[in-house]
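In: Okay, sequence plus prediction incoming.
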Amino acid sequence: MRDGGVQRLIPAIIVAGYALLAFAWAMSNPPFAAPDESAHYLRALGVANGEVVGRPTSYRNRAERPEQEAIDRQLAREVSVPGGLLPNGYECFTPQTATASAACHNSLAHNPAKTVAVTVLGTYPPLPYLLPALTIRSAHEPGTANRIGRITELSVRVGLLAAAVWLLWSGSALSLLGLVLALTPMVIFTAASMGGSGLEIMSAICFAAAMLRLARSEQPAPAVWALTGAGGVTLTLSRSLGPAWVVLDLALLIALVGWRGLGTRMLTRPLASGLALASITVAALISLVWAAVYAPTVSIGFGPLRESLSAGGRQFGQVLKESVGVFGYLDLNLPTGAYAVWAAMTLALLASGLIVAGRRERMVVLAAVGTAIALPVLYYAAVARHGIGLQARHMLPMLVVLPLLAGELTRHHRARLSSRAATVLRCLPPAAAAVQLLAWYVNARRAAVGSAGPWAFLGHAQSQPPAGWELWLIQATLATVLLGAVALLDRDGAPAPSWRTNGLPAAFVCRRMKGAMALVVYLGLLGGGGVLLFAVTAVILDGRYPLSGLGVGTCALIGMAIGHFSGGSSRLHVLRQDLRAGLREPWELPLVVLACSGAVFAAFVVIAAAILVFTR
């Protein structure tokens with residue numbers, strides 16, 4: 001396969017990587033171990049029984065603040081629950097038991113009789129619950145029903161992700177860099193859980209991508225307008241704040257192209273644009289009517305002003321942290337370094353966008369940053385502190401716009417990037433993929449052995465997901481490899497570094513580093529893929545990892561054969577030529593080959609040692 005063919009595979013690899021990762025989240029996360037997931041599950045069961053709103057009922061919860069209890073009392077509805085599907089007892093895995101695993105789920109008994117239950121989300125917009133309502137009744141116990149609901153909802157969210165990738169793709173991985181940083185571990189976790197937030201966030205990403213695609217050309221294709229309408233309608237009907245996010249994204253488009261530019265784009269495709277905007281307008285009216293009838297009455301006000309703004313400012317830091325990833329019932333944090341890495345990557349992309357952008361575009365970026373800072377603070381100060389509460393998932397439909405905008409401006413002005421800046425940007429997808437895998441593993445460890453349990457938990461797991469931890473660990477790792485390999489496959493990115501140095505260390509480290517590192521990663525992926533294939537085969541055959549030299553060598557050859565027949569040999573030839581072109585002395589090539597061989601050998605040792613430790 002030629003480089004151009006490999007280049008065209010990048011969008012599919014991105015979608016496949018995130019789909020595999022989200023599926024691993026949906027299957028391995030314990031049932032109902034996400035914010036309000038049991039209430040969302042009951043809401044879907046009510047819709048499945050034809051109870052679009054549910055029956056009014058009395059509600060009391062003395063554990064809540066009076067303001068929160070008053071709001072929940074307005075939202076509470078009674079729904080019918082089929083026999084065996086009532087999610088009682090799963091609250092044993094809660095923030096109060098953070099150091100314990102999900103082993104308490106193993107001994108739960110389920111009521112086989114049909115019953116009723118109360119959900120405090122009974123008047124939420126019904127759109128996010130329509131598809132899971134068709135599938136969850138097929139299960140015979142609540143944990144399975146919850147996972148079926150997650151997978152059903154995830155199929156729609158992956159479709160929205162694919163639409164966003166198509167809208168942003170312009171032939172280079174750089175065009176998807178903003179999307180990679182917008183899809184934080186928290187976004188993936190939310191997308192893999194039941195509820196309206198996952199649909200809201202993914203449709204917000206799709207709609208924002210459509211706005212950026214419309215800004216690229218004065219003659220957008222009809223398909224762009226179609227996806228604009230689909231993303232806008234879904235965003236508007238997913239949650240009560242949906243119309244507000246649509247208005248903000250439309251304001252972004254107008255800020256980039258102006259009213260005249262928007263009119264030009266609409267006049268070139270009057271039918272497609274008219275249908276898209278009309279559909280969004282109708283959806284917004286439906287959402288507003290639903291909110292007028294069913295939304296709870298909430299106190300709104302800033303008084304006392306100083307105290308309310310101060311409380312909003314304190315809440316903003318937690319919103320930023322949660323937007324990267326706080327899992328479970330918002331009680332499971334990532335290691336501090338993971339937040340620092342993601343913040344550094346986001347700031348690097350924002351700085352890149354500001355540096356290369358034009359004057360008007362810089363003003364748009366600064367306005368977007370100001371909105372991202374001010375809106376959570378003001379919303380909490382005026383509304384959320386009166387009983388609703390504020391979580392990052394409520395603000396993520398707006399926050400994801402920042403990396404998307406910065407990535408689009410960087411792509412548009414990529415000719416202005418210095419070689420060093422472009423090389424730094426190339427490193428972001430592998431770093432983001434590593435944080436994604438770490439986030440999944442942290443959550444898996446907590447479920448398996450508790451947050452105080454051993455990090456190498458596979459041999460000590462007290463709780464097991466369907467098919468066991470090994471399968472989902474392999475799938476999450478495979479997803480990480482796919483997402484990290486994007487930087488290697490991209491051939492239309494950063495120019496080669498132009499540093500001029502002399503001496504053996506400088507010649508090895510600086511000269512043609514892109515080719516050398518690509519060769520290392522390529523060989524490492526082939527070798528690691530062989531070991532991974534061998535581990536999967538062993539799990540399927542007998543559940544063990546017989547790490548004989550013959551077995552590892554055979555599967556490594558299989559991995560290299562797969563790379564060869566998929567175009568790997570021609571890829572390696574190109575990289576070898578690229579590497580030789582940058583070597584000035586005859587002794588440099590053996591030195592680089594020796595370093596690459598050492599890296600591959602080290603990768604083999606690390607993977608084999610990890611497998612042995614995890615399965616001991």
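Out: Received, thanks.

In: what's the span of stretch 133-153, first residue to last?
Out: 10 Å (CA to CA, to the nearest Å).

In: doesn't Val180 make contact with Leu483?
Out: Yes - Leu483 is in contact with Val180 according to CB atoms under 8 Å; the separation is 7.4 Å. Any C-beta I mention is one placed from the backbone N, CA and C, and that applies to glycine too.

In: Name the residues contacting each of these two.
Out: Ile14, Pro429, Ala432 (CB atoms under 8 Å, 6 or more residues apart in numbering).

In: For the residues you listed, give me CSV that also has distance to Val233 and pLDDT.
Out: Below are the shared contacts of Leu483 and Val180 laid out as CSV (distance: CB to CB, whole Å; pLDDT from 0 to 100):
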residue, distance to Val233, pLDDT
Ile14, 24, 94
Pro429, 31, 91
Ala432, 30, 94
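
In: Of the residues you listed, which is the nearest to His460?
Out: Distance to His460 across the shared contacts of Leu483 and Val180 (CB to CB) is lowest for Ala432, with 29.5 Å.

In: ok, the shared contacts of Leu483 and Val180 vs Gly301, which is closest?
Out: Distances from Gly301 to these, taken by CB to CB, are shortest for Ala432, at 40.1 Å.

In: Which residue, other than its chain neighbours, is closest to the closest one?
Out: Val180 (5.2 Å; CB to CB, 6 or more residues apart in numbering).

In: Walking through this protein, point out its strands one by one.
Out: 55-56, 77-81, 115-119, 326-327, 332-333 (DSSP state E).

In: Show me what the second one is packed against.
Out: Contacts defined by 3 or more CB pairs under 8 Å, 6 or more residues apart in numbering; DSSP states H and E place strand 77-81 against helix 37-48, strand 55-56, strand 115-119.

In: Mean neighbour count, those: which tops it?
Out: Of all those, helix 37-48 has the most neighbours on average by mean count of other CB atoms under 10 Å, namely a mean of 26.

In: what residues does it touch?
Out: 32, 52, 54, 77, 79-82, 85, 87, 90-91, 117-122, 124, 126, 128-130, 132-134, 136-137, 142, 145-146, 149, 193-196.

In: what's the spacing between it and its chain's center?
Out: Relative to its parent chain, helix 37-48 has a centroid offset of 23 Å by CA atoms, centre = their mean, to the nearest Å.

In: cool, and stretch 32-48?
Out: Worked out by CA atoms, centre = their mean, stretch 32-48 lies 21 Å from the chain centre.

In: just stretch 425-434 next, same as before
Out: 14 Å.

In: If you count neighbours, what's buried in that stretch?
Out: Leu425, Arg426, Leu428, Pro429, Pro430, Ala431, Ala432, Ala433 (16 or more other CB atoms under 10 Å).

In: Which of the helices and strands packed on strand 77-81 sits closest to Ala392?
Out: So among the helices and strands packed on strand 77-81, helix 37-48 is nearest, using CB to CB, at 16.2 Å.

In: how big is the angle separating that closest one from strand 115-119?
Out: Using axes from the mean of the first three to the mean of the last three CA atoms, to 10 degrees, one finds that helix 37-48 and strand 115-119 are set 120 degrees apart in direction.

In: Find me the pLDDT at the closest residue to Ile280 other than its chain neighbours, would you?
Out: Excluding the flanking residues, the one nearest Ile280 by CB to CB, 6+ apart is Gly232, at 3.9 Å. You'll see Gly232 listed with a pLDDT of 96.
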